[in-house]
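> Sharing a model prediction with you, sequence too.
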Amino acid sequence: MTRRRVLQNLVAAVPAGAALAAPAVVTAENLRPALPCGAVVGDPVSGAESNSVVIWSRTDRPAVMEVEYASRPDFQGAVRLSGLSARPEEGFTARQELRGLRAGVEYFYRVRFAAGSARSEPFTGRFRTPGGMVEARPRGVRLLWSGDTCGQGYGINPDWGGMRIYEAMRQRQPDFFIHSGDTIYADNPIPREIRLPGGELWRNVVTEAKSRAARTVEDFRGAYDYNFLDANLRRFHAEVPQVWQWDDHEFRNNWSPGNVEGSAAARQAFCEYAPMRVRPGVRRIFRKISYGPLVDVFVIDMRSYRAANTYNRQTREGPETVFLGGEQLRWLERAVPTSGARWKVIASDMPLGLLVGDGKDAEGRARWEAAANGDGPALGRELEVARLLAAWKKARVKNVVWLTADVHYTAAHRYSPERAQFTEFDPFWEFVSGPLNAGTFGPGALDNTFGPEVVFAKAPPNGQSNLPPSAGYQFFGELEAGGATGGMKVVLRDLTGAALWERELG
């Protein structure tokens, strides 16, 4: 029955002069599944024979996901895939892998959900696969990274244009984006208003789910749903392939397994909403994303395997010093040296050499959240990092670059054994950028164990902290690999996309 016929029947049944109730007008639309989050392109992979991506979406009821994709915007010759179910036990999320894609091609896709005979409106997006040729040269790779979305109570402010940095990043037309963690702030409620130091008000869009710290799976899902209310973020996610990792605020500030309850619900929600390949029963977050012969991205997980935060100055490895964990360490020791890509990008959810405190322990000693623990030889969690760097040196691995966020400002750090206490490693760069839409802090202090040097930093002046996004201290980074030399250009950018600092590597 058409919507027009439904309305005609309702009008005929209502006495003359009576008001037509609003719910009856939208009954036919309510029968159709919705796509409240649009769609997301995720985990782009370039293989020897073909390319693939994941298309992620969510609906509001049990339904079957349908995906069409083609290299033409009119969808002529489209490939159609169907059969994956959105189920309540997975938050009505679903994902479909698109395989056998051609290199260097712009693809258009649309997503629908079908519940019985009712089908949703289609959601349309696009993306470009890696590789191909440009002017007789292999196409380069441009990736962006940043982290920290909707932290410290700074949510979606329509008066300010929402999360504007996502539109600035979209304008850069990257091949993919690494979200370096804190994809949500499950432990930070979003208030209706925040009074800023100058007396102005920051006004947020508010929802029931974000009125409190998350405790249940539904609460965590609601935190992800909140971010998708922003039009800038939805456009960005629909066009730019995403590579997500997590850190602490997907659950709770500075958490580690074993010292808190409820992290299983947080992990479940992250794996439901992250646009990554998730095999049944396997929710491993560390993974490799191959992007042609130029770049391999090694997404690491500094949260899932760590021991509880301590004073972190143990002299030998043991249960208290576990950080990356045995399985992940062995994977990194093996996979990075055998990578055939020119550039090996380590996507890290925390910086290596910045001191990140977590209060004091029962004996009054400083407790540390990351690997760094103060100047001196490799101790505590640094022992795992030292073992990894030494293994790469022994294997003669070149062109390793670390990317991270977490500390809510942007910086370029150069690590060198000439300045270090531990010296069995080759020099490398670490680039820090963020936040995306959160309070700004910093700068932090460096630990000299691995010899880091601050080459550039941009943070709030005069020791100011927790500045709102409207203060302008929101940042993302950009790497571009390729060109005639196969080198890499690094640019640190502000929320408008303006370049703050840049350097050619290799």
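Received it, and whenever you're ready, just let me know what you need.

> other SSEs contacting the helix or strand Ile55 falls within?
Per DSSP states H and E: Ile55 is located in strand 51-58. Contacts defined by 3 or more CB pairs under 8 Å, 6 or more residues apart in numbering; DSSP states H and E place strand 51-58 against strand 39-46, strand 63-70, strand 93-101, strand 106-115. C-beta: built from backbone N, CA, C; applies to glycine.

> What is the longest one packed up against?
In this case it means strand 106-115. strand 39-46, strand 51-58, strand 63-70, strand 93-101, strand 123-128.

> now the helices: where do they sit in this structure?
Ranges of helices in the chain, per DSSP state H, are 3-13, 22-25, 27-30, 164-171, 217-227, 231-239, 263-273, 326-335, 382-394.

> I'd assumed Asn157 was in contact with Val206.
No: the criterion here is CB atoms under 8 Å, and Val206 misses it with Asn157 at 11.1 Å.

> Of the two, give the one with the bigger neighbour count.
Neighbour totals were compared for Val206 and Asn157, and Asn157 leads with 22 against 16 (other CB atoms under 10 Å).

> how many neighbours does the spatially closest residue to Gln173 that is not a sequence neighbour have?
With sequence-adjacent residues excluded and distances taken as CB to CB, 6 or more residues apart in numbering, Gln173 is closest to Arg142, at 7.3 Å. A count of nearby residues for Arg142, using other CB under 10 Å, gives 18.

> and if you look at Glu66?
Glu66: 20 neighbours (other CB under 10 Å).

> In contact with it, which residues?
For Glu66, the contact set (CB atoms under 8 Å, 6 or more residues apart in numbering) comprises Arg80, Leu81, Ser82, Val111, Arg112, Phe113, Ala114, Arg119.

> cool, and Phe127?
Val41, Pro44, Val53, Glu106, Tyr107, Tyr109, Glu239, Val240, Pro241.

> Distance to Thr496 and neighbour count added to these, as TSV?
Output for those, formatted as TSV (distance: CB to CB, whole Å; neighbours: other CB atoms under 10 Å):
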residue	distance to Thr496	neighbour count
Val41	24	25
Pro44	26	26
Val53	29	25
Glu106	26	11
Tyr107	29	21
Tyr109	29	25
Glu239	19	16
Val240	18	25
Pro241	23	25
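
> could you dump the residues you listed to CSV with distance to Arg192 and pLDDT?
Listed next are the contacts of Phe127 as CSV, based on distance: CB to CB, whole Å; pLDDT from 0 to 100:
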residue, distance to Arg192, pLDDT
Val41, 33, 97
Pro44, 38, 92
Val53, 38, 95
Glu106, 41, 94
Tyr107, 41, 97
Tyr109, 37, 98
Glu239, 31, 96
Val240, 31, 97
Pro241, 34, 96
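
> out of these, who's nearest Ala459?
Nearest to Ala459, judged by CB to CB, of these is Val240 at 26.5 Å.

> The closest one contacts Ile178, doesn't it?
No: judged on CB under 8 Å, Val240 makes no contact with Ile178 at a distance of 10.7 Å.

> Name the residues contacting each of these two.
Leu144.

> Excluding chain neighbours, what is closest to Gly376?
Gln421 (5.8 Å).

> So for that neighbour, what pLDDT did the model give?
According to the prediction, Gln421 has pLDDT 97.

> repeat for Gly442
pLDDT, Gly442: 86.

> how close does it sit to Arg72?
47 Å (CB to CB, to the nearest Å).

> and Val401, what does it touch?
Contacts for Val401 (CB under 8 Å, 6+ apart) come out as Trp343, Lys344, Val345, Ile346, Phe428, Trp429, Glu430, Phe431, Leu479, Met488, Val490, Leu505.

> possible to save the helices of the chain as CSV with distance to Gly353?
CSV is the format used below for the helices of the chain (distance: least, CB to CB, whole Å):
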stretch, distance to Gly353
helix 3-13, 61
helix 22-25, 59
helix 27-30, 55
helix 164-171, 26
helix 217-227, 30
helix 231-239, 30
helix 263-273, 27
helix 326-335, 18
helix 382-394, 9
